[in-house]
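*Asks:* Test case, fold it:
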Amino acid sequence: VMGSMFLIAMLIYNHALHKAPVGMVVTTFRMGIVIPMVIGVAVWDESLTILQGLGVSLAIFALFLMTRPKGATSWLPNKELMGLLLILFGMQGLCYTLMRGVEYWGFGEHHIALLAVIGLTGGGLGFSYANFKGGQHRRKSSAFGVLIGAYNSFTLPVILIALSYLPGTQYFPLAACGAVILDNLCAHFIWRENLTTLNVAGVITALVSLILIIE
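*Replies:* So this is what the prediction gives:
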């Protein structure tokens, strides 16, 4: 199930990037953390202090600021855009929830088996989708896909291990804000993209939220 959901979520994510501004899509993608956090508190009795709750709220606000482009417009009508973003939000939130549920459902001792099945399922379905869709497969894109797959095979066990030690209410805001902070810093210092005032405010807000969440 996790392998299937991961692939579907990424296909929706890639489709959304062709239909809406990047800032909107990335914001929606990161906002999926809200679903496992709410479920963690309501269903799995995860604790959340007042300061951590404030940090989570700031983290969500920071994600919006850091990924908000200047003068963004969409090529889709509003209703269609909202529907697409809601689907992406729900699917990514479901993926996060499945990762959070590994420990609560008693699969924590079977990380290697989980990773193997996730990879085989996602890879098999991905190849099937690519062959069904048709088109030419270039060597560069295939090599890039190998790099992404190798990266995910390294990061996914790190995520599962981290979730075995940290509650989702701490891990997901930390991971999401950390990723977007790196995105913004790399964009500014490596790719020489200019950060807007809102982006800078988002980075500062994210740093404050991280301090509160860790407390």
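
*Asks:* And the residue nearest the centre of this structure?
*Replies:* The chain has residue 30 as the residue nearest its centroid, 4.7 Å off, counting by CA atoms, centre = their mean.

*Asks:* any idea how far that one is from residue 200?
*Replies:* To residue 200, residue 30 is 18 Å away according to CB to CB, to the nearest Å. Any C-beta I mention is one placed from the backbone N, CA and C, and that applies to glycine too.

*Asks:* Kindly list the main-chain dihedrals of residue 164?
*Replies:* Listed backbone geometry of residue 164 is phi -80, psi -10, with angles given as degrees, to the nearest 10.

*Asks:* ok, the closest residue to residue 85 other than its chain neighbours to residue 191 distance?
*Replies:* The shortest distance from residue 85 to any non-neighbouring residue, by CB to CB, 6 or more residues apart in numbering, is to residue 28 (4.6 Å). Noted for residue 28: a distance of 22 Å to residue 191, by CB to CB.

*Asks:* Ok, residue 199 next?
*Replies:* As judged by CB to CB, residue 199 and residue 191 stand 14 Å apart.

*Asks:* These two: who's more crowded?
*Replies:* Between residue 199 and residue 191, residue 199 has the larger neighbour count (other CB atoms under 10 Å), namely 23 against 7.

*Asks:* which residues sit against the helix or strand hosting residue 117?
*Replies:* Under the criterion DSSP states H and E, the helix or strand holding residue 117 is helix 111-133. Residues external to helix 111-133 that are found in contact with it (CB atoms under 8 Å, 6 or more residues apart in numbering): 2-4, 6-7, 11, 102, 107, 137, 149, 153, 156-157, 160-161.

*Asks:* buried sites along it?
*Replies:* Within helix 111-133, the residues that qualify as buried by neighbour count (16 or more other CB atoms under 10 Å) are 114-115, 118-119, 121-122, 125-126.

*Asks:* Give me the contacts around stretch 204-215.
*Replies:* With CB under 8 Å, 6+ apart as the contact definition, stretch 204-215 has outside contacts at 49, 51-52, 54-59, 61-63, 65-66, 170, 173-174, 177-178, 180-181.

*Asks:* Likewise for stretch 171-181?
*Replies:* With CB under 8 Å, 6+ apart as the criterion, stretch 171-181 contacts 26, 30, 33, 36-37, 55-56, 59-60, 62-63, 66-67, 96, 100, 159, 162-163, 166, 202-203, 206-207, 209-210, 213-214.

*Asks:* Please enumerate the helices of this protein.
*Replies:* Assigned helices in the chain, in chain order: 2-19, 22-31, 34-42, 50-66, 78-104, 111-133, 139-165, 168-189, 197-214 (criterion: DSSP state H).

*Asks:* Show the average pLDDT along the first one.
*Replies:* So the one you mean is helix 2-19. Across helix 2-19, the average pLDDT comes to 91.

*Asks:* and that helix with helix 111-133, angle?
*Replies:* With axes from the mean of the first three to the mean of the last three CA atoms, to 10 degrees as the basis, helix 2-19 and helix 111-133 are set at 50 degrees to each other.

*Asks:* So, low pLDDT: which residues of the protein?
*Replies:* Low-confidence regions of the chain, defined by pLDDT under 70, span residues 23, 68-78, 135-137, 193, 215.

*Asks:* chain center to the helix holding residue 117, what's the gap?
*Replies:* Centroid separation between helix 111-133 and its chain, computed with CA atoms, centre = their mean, to the nearest Å, is 19 Å.
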